[in-house]
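[1] Fold the following.
(one chain, ligands or ions: 2)
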Amino acid sequence: MLVVKIGGSLEGAQPLVQDLAHHDGELIVVHGGGPRIGAELAARGFETRFEAGLRVTPPEQMAVVEQVLTLLGKELADRLSKLGRLAVGLSGRDARLLRAEPLDERLGRVGRITAVNTSLLFALMSRHLTPVISPIASSADGPLNVNADEVAGAVAGCLGEPLVYLTDVPGVLADPADPESRIPVLDGAEARARIEDGTIAGGMVPKVRSALAALEFGAPWVMIAPGEAGSLPRLLSGKLGTRIVPEKISREV
Ligand SMILES: Nc1ncnc2c1ncn2[C@@H]1O[C@H](COP(=O)(O)OP(=O)(O)O)[C@@H](O)[C@H]1O
Ligand SMILES: [Mg+2]
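    Ligands and ions are numbered 1, 2, ... in the order given. Below is the predicted model of the structure:
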């Protein structure tokens, strides 16, 4: 089994969806929606603000965020289904799939995952249905917007299954402006130092943080890789993306 998170920026990437559809094995897909949410909020006159890579979600923006993410999930499920991989678009509000609590009142309706209904995922997969998860969670007082990277990390961690973040860069870069500066293996200490000094910034922060959390929780391995055609099959060769590990072991000869 593999948990794959696809970034909102990869929305139109048909070859990637084909790869997912043809993947040999069980899949759980989690998707983001940043660009389309941003466009929809702007069209309705809302302003967007991020803090440490998380979208600040004032209560009056929550309905737009949920509508866009739900629609994106249904579209992705439809595309996978048409390519022969029958998929079901779910949000965390279905059957208590994702439960959350508010992360920080200054962020508005942003949540932190507290529980994942893994039986729902197993029930679907036992019928050869691929869950496609929109990152909206259920809470005691209404829906919460959870960063999709965190949802993917929580799902992979709970299931103890590997996790791949597919995004719009070649991996974690030592210099975000230089696509050639991919870091092949990134450990927890270096990740924290690079978040601290700002070389890991923006949307890469929740990705790296939730990758480390997923490993701590039980995911056997986590990769951050480019969402290109052929990425999925090439991942494990180490020629692509960044593998996140808790600690690096140095080999001495
Ligand atoms: N050190 C870094 N290496 C790679 N990307 C980085 C780094 N620091 C910041 N980023 C930014 O993080 C972005 C990926 O996060 P995000 O935009 O949230 O994508 P996604 O939709 O896949 O979640 C990259 O496009 C890049 O602009
Ligand atoms: Mg992101």
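[2] longest helix of this protein?
    Counting residues, the longest helix found in the chain (DSSP state H) is helix 62-82.
[3] what separates that helix from the chain centre, distance-wise?
    Distance of helix 62-82 from its chain centroid, counting by CA atoms, centre = their mean, to the nearest Å, is 15 Å.
[4] ok, the closest residue to Gly84 other than its chain neighbours - how many residues close by?
    Spatial nearest neighbour of Gly84, chain neighbours left out: Ala21 (6.0 Å); criterion: CB to CB, 6 or more residues apart in numbering. Quick note: C-beta positions are derived from backbone N, CA and C, even for glycine. By the measure other CB atoms under 10 Å, the count of residues near Ala21 is 18.
[5] show me the contacts for Ala21.
    Counting by CB atoms under 8 Å, 6 or more residues apart in numbering, Ala21 touches 79-80, 83-85.
[6] can you check Ala174 too?
    For Ala174, the contacting residues are 181-183, 199, by CB under 8 Å, 6+ apart.
[7] now it: how far from Leu86?
    Using CB to CB, to the nearest Å, Ala174 is found at 41 Å from Leu86.
[8] For the residue of the stretch 101-250 of the chain found nearest ligand 1, give its distance to Trp221.
    Distances between the stretch 101-250 of the chain and ligand 1 by CB to the nearest ligand atom are smallest at Gly203, namely 1.9 Å. For Gly203, the distance to Trp221 (CB to CB) stands at 21 Å.
[9] what's the answer for Val253, then?
    25 Å.
[10] List the single closest residue to Gly171 in space, sequence neighbours excluded.
    Gly171 sits nearest to Thr242 (CB to CB, 6+ apart), 3.6 Å away.
[11] From the structure, what's the count of residues near the one you found?
    If you count neighbours by other CB under 10 Å, Thr242 ends up with 25.
[12] just to revisit the earlier point, and the residue of the stretch 101-250 of the chain closest to ligand 1, what does it touch?
    By CB under 8 Å, 6+ apart, Gly203 lies in contact with 7, 34, 53, 149, 167.
[13] Going along the chain, name the strands of the stretch 101-250 of the chain.
    Taking DSSP state E, counting those that start in this stretch as the test, the strands found in the stretch 101-250 of the chain are 111-116, 130-137, 144-145, 163-167, 185-187, 222-226, 242-245.
[14] pLDDT below threshold where in the chain?
    Within the chain, the stretches with pLDDT under 70 are 236, 250-251.
[15] Return the residues of it in contact with ligand 1.
    Contact residues (CB under 6 Å from any ligand atom) of the chain with ligand 1: 7-9, 32, 34, 167-169, 172-173, 176, 199-204.
[16] Show only the entries of the residues you listed found in helices.
    Filtering the residues of the chain next to ligand 1 for helices - DSSP H - leaves 34, 204.
[17] Let me see the contact set for Leu232.
    Leu232 neighbours (CB under 8 Å, 6+ apart): 4, 19-20, 23, 164, 166.
[18] can you redo these as a markdown table with distance to Leu97 and neighbour count?
    Shown next, in a markdown table, are those (distance: CB to CB, whole Å; neighbours: other CB atoms under 10 Å):
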| residue | distance to Leu97 | neighbour count |
| --- | --- | --- |
| Val4 | 17 | 25 |
| Asp19 | 25 | 20 |
| Leu20 | 20 | 25 |
| His23 | 21 | 17 |
| Val164 | 20 | 24 |
| Leu166 | 21 | 26 |
